[in-house]
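S.K.: Structure for this input, please:
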Amino acid sequence: MIANAVSRRTFLKGAAAGSSVFLASGLPVFAQSATKLVFMEPFDLALEYAQEMNAIVGGHFGKEGLDVSITNVRGTAVGIQQVIATQANTTRIGLLDLLKAAGSQEAKIVSVATSLQGGIFNLVSRKDAPINSPADLKGKVVGVASLGGGQENVLNLMLSSAGIKPEEVERQAIGSNAGNVEILKQGRVDAFIASTETALILQMNNEPVEIWSTSKFAPLPGGVIMMTDEFAQANRETVVRFLRAMRASALEIIDTDPAVILDRIVGEFDITTNEDRQFRLNAIKAYNDLTLAQGRENVMRNVPSVFEAVAKLVNDAGIVTVPDAAALYDNSFADEAFK
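M.R.: Residues are numbered from 1 along each chain as shown. The predicted structure is shown next:
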């Protein structure tokens, strides 16, 4: 059930290497039946997406009678638009991306599941000059991947939670990689926002830094599974089977030796993340922690209280207006799939 006309390894190499051409010429039309789905990842394949990759190579989609193909593009905005344009059936994005996109789209988009309950960003500061909370950031300089991007939005949410105005904290665009620790050591920034994998590299290298998850103050889920409401409602049975497979895959990754999962995935997919094997094993464990951030009972579920809390944060911070957080998710598919 999971084989395609071209190998996934060859297909994904092409997609990752030339996304603009790939999109300009149109996606391959895989979704010709209710059992064929295109899962659009918004970035190059990393272990952040282990759940869906394992659902393919571990046979979970096949067990549900589904043929799921993974493709990728460059950026969440493109992934969202491809789903809306019906060139893909689903994409995985951050909850903040969903909130920002929902109000600007004619098509109703919803989260049918939350894949990573914890946030994927961390704040890094020097051990000899630690930043212990958003209140400590007032008057400081913070490094972010890009101005106006997701990391800066998370920074603004944390500041809002502490009653600090955005203009009271200077930002510098420094990209997103482990090399940012040198900028920190030089004193050019007082702290910087780091991805899960960057934070992991810093820890493995025993860098003299303090690291804590931004979820402590801005509890943004790091991954939600987005579809258009129209597609989800018209293909209810397929979505239920899809979520059942995704949850089974997530639980298998949690309960299985990460080496088994890693070898299975890299045997079929080209992973762009750091090639060090121990790093990859630790990354799987780190993402498992994010999957379990709301407890095992909420693996792959949308947690209403989290959506409400995040909506309040973004409204208070003035990032986007969310009139009704409950309109942004639909738990009916998970309720049916996981009973």
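S.K.: Just give the number of residues close to the nearest residue to Asn298 once chain neighbours are set aside.
M.R.: Leaving aside its chain neighbours, Asn298 sits nearest to Gln117 (6.4 Å; criterion: Cβ to Cβ, 6 or more residues apart in numbering). (C-beta placed from N, C-alpha, C; glycine too.) Here the number of neighbours of Gln117 (other Cβ atoms under 10 Å) works out to 26.
S.K.: Next up, phi/psi of Gln117, please.
M.R.: phi -70, psi -30 (degrees, to the nearest 10).
S.K.: isn't it right next to Gln294, touching?
M.R.: Yes - Gln117 is within contact range of Gln294, at 4.2 Å (criterion: Cβ atoms under 8 Å).
S.K.: anything in contact with each of the two?
M.R.: Residues within reach of Gln117 and of Gln294 at once, by Cβ atoms under 8 Å, 6 or more residues apart in numbering, are Val303, Val306.
S.K.: So in this structure, which helix runs the longest?
M.R.: Criterion DSSP state H: the longest helix present in the chain is helix 236-255.
S.K.: Can you tell me what sits against the helix or strand just after that one?
M.R.: Sequence-wise, the next helix or strand downstream of helix 236-255 (DSSP states H and E) is helix 258-266. Contacts to helix 258-266, defined as Cβ under 8 Å, 6+ apart, come from residues 47, 50, 53-54, 57-58, 252-253, 271, 277, 280-281, 284-285.
S.K.: one step back: tell me what the longest helix of the chain is packed against?
M.R.: Other helices and strands packing on helix 236-255, by 3 or more Cβ pairs under 8 Å, 6 or more residues apart in numbering; DSSP states H and E, are helix 50-57, helix 60-63, strand 109-116, strand 223-228, helix 277-291, helix 332-337.
S.K.: wait, which of the contacts of helix 258-266 is closest to Asn132?
M.R.: Lys285 (25.2 Å; Cβ to Cβ).
S.K.: residues touching the closest one, list them.
M.R.: Applying Cβ under 8 Å, 6+ apart, the residues near Lys285 are Pro258.
S.K.: Break this structure down into its domains, please.
M.R.: The record's domain parsing of the chain by automatic domain parsing lists 8-117+222-337, 121-216.
S.K.: Of the ones you listed, which shows the lowest average pLDDT?
M.R.: Sorting those by mean pLDDT places domain 8-117+222-337 lowest, at a mean of 88.
S.K.: centre of the chain versus that one, how much separation?
M.R.: Remark: domain 8-117+222-337 is offset 7 Å from the chain centroid, using Cα atoms, centre = their mean, to the nearest Å.
S.K.: burial measure for Val314, as a count.
M.R.: 23.
S.K.: residue contacts, the spatially most central residue of the chain?
M.R.: Compute the mean C-alpha point of the chain, and by Cα atoms, centre = their mean the closest residue is Gly223, 3.6 Å away. Contact analysis of Gly223 by Cβ under 8 Å, 6+ apart lists Glu48, Arg92, Ile93, Gly94, Thr114, Ser115, Leu116, Ile120, Leu290.
S.K.: got it, and Arg236?
M.R.: Phe333, Glu336.
S.K.: distance of it from Ala88?
M.R.: To Ala88, Arg236 is 19 Å away according to Cβ to Cβ, to the nearest Å.
S.K.: Go through the contacts of Gly223 and say which is closest to Leu202.
M.R.: For those, the nearest to Leu202 is Ile120 (14.8 Å; Cβ to Cβ).
S.K.: In this structure that closest one contacts Gly94, no?
M.R.: Yes - with contact defined as Cβ under 8 Å, Ile120 reaches Gly94; the gap is 7.3 Å.
S.K.: Pick out whichever of these two has more residues nearby.
M.R.: Higher neighbour count among Ile120 and Gly94: Ile120, with 25 against 22, using other Cβ under 10 Å.
S.K.: list the contacts for the residue nearest to Lys108 when sequence neighbours are not counted?
M.R.: Closest residue to Lys108 apart from its sequence neighbours, by Cβ to Cβ, 6+ apart: Asp229 at 4.1 Å. Contact analysis of Asp229 by Cβ under 8 Å, 6+ apart lists Ala107, Lys108, Ile109, Val110, Asp330.
S.K.: For Asn205, give me its contacts.
M.R.: Neighbouring residues of Asn205 by Cβ under 8 Å, 6+ apart: Ala178.
S.K.: And for Thr291?
M.R.: If you count contacts by Cβ under 8 Å, 6+ apart, Thr291 has them with Gln51, Ser115, Leu116, Gln117, Gly118, Ala250, Ile253, Ile254, Val299.
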